[in-house]
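no sequence on this one, just coordinates:
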């Protein structure tokens, strides 16, 4: 892969917006679990306008406090 492709891939992975996508509570929990498993490339995560339930809000809160995920600017 050429250097510019590596740079583009890195940029695309760093910004992730799923605002107003009607993601279910289960889908949001799965996504946040995946972020916790591999947070290294992600820098911004926007999930506003979806319907998180209490367990998803708790997981989101825990993720924001996780030292491995502190570099991620997250919005729900």
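Okay, I see it. This structure is a prediction, so every number in the text was calculated from the model and none was measured.

any chance you could map the helices in this protein?
Under the criterion DSSP state H, the chain contains helices at 3-14, 25-37, 54-65.

closest to residue 71 out of those helices?
Closest to residue 71 of those is helix 3-14 (C-beta to C-beta; 10.1 Å). (Each C-beta comes from the backbone N, C-alpha and C, glycine too.)

confidence score at the most centrally placed residue in the chain?
In the chain, the centroid-proximal residue (C-alpha atoms, centre = their mean) is residue 45; its distance is 4.2 Å. Among the per-residue scores, residue 45 shows a pLDDT of 87.

circling back to that earlier point, let's have the helices of the chain in CSV, adding distance to residue 73.
Shown next, in CSV, are the helices of the chain (distance: least, C-beta to C-beta, whole Å):
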stretch, distance to residue 73
helix 3-14, 10
helix 25-37, 12
helix 54-65, 10
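
and those helices, which one's lowest on average pLDDT?
Looking at the helices of the chain, the lowest mean pLDDT belongs to helix 3-14 (a mean of 52).

ok, back up a step: as CSV, the helices of the chain with distance to residue 71 and mean neighbour count would be great.
Listed next are these as CSV, based on distance: least, C-beta to C-beta, whole Å; neighbours: other C-beta atoms under 10 Å:
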stretch, distance to residue 71, mean neighbour count
helix 3-14, 10, 10
helix 25-37, 12, 15
helix 54-65, 11, 14
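
what's across from the residue nearest to the centre of the chain in the sheet?
Counting by DSSP bridges, residue 45 is bridged to residue 16, residue 74.
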